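*Asks:* Predicted model and sequence below, questions to follow.
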Amino acid sequence: MGYTEREFEQVLKGGFSDARSDYRCADQDRLTWLVEHRHDPIQISIRIHQGKPRQLGILQLPVLHVTFAIGNGTASSQSAFFDKFFKYFHKGGG
């Protein structure tokens, strides 16, 4: 993903899992979070680590590696999670 660790955490703890969201996010450590749904038994652990930036001429783009570990939940609850995740974490472009 084209995020820094800080940007990722701001989106995850911002609109993705704020008070209006059905998802709740709990810190596991500095770079790992457990996401649960308010009304569904799905649990998803998200871990990130910063990769080497992409260099395009003088432009540098951040590279963030994201790992998901899915526990519980049905195929439809997993699909709903990733639909919302990609909606909130999609950047730019038309």
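*Replies:* Right, received. Where do you want to start?

*Asks:* got the contact list for stretch 17-25?
*Replies:* By C-beta atoms under 8 Å, 6 or more residues apart in numbering, the residues outside stretch 17-25 that reach it are 12-13, 15-16, 33-40, 81, 84. (C-beta placed from N, C-alpha, C; glycine too.)

*Asks:* buried subset of the residues you listed?
*Replies:* Buried subset of the contacts of stretch 17-25 (neighbour count, 16 or more other C-beta atoms under 10 Å): 12, 16, 33, 35-37, 40, 81, 84.

*Asks:* Let's see which of those residues end up in strands.
*Replies:* Among the buried ones among the contacts of stretch 17-25, DSSP state E puts 33, 35-37, 40 in strands.

*Asks:* Helices of this protein, residue ranges please.
*Replies:* Remark: helices assigned in the chain by DSSP state H are 5-11, 75-89.
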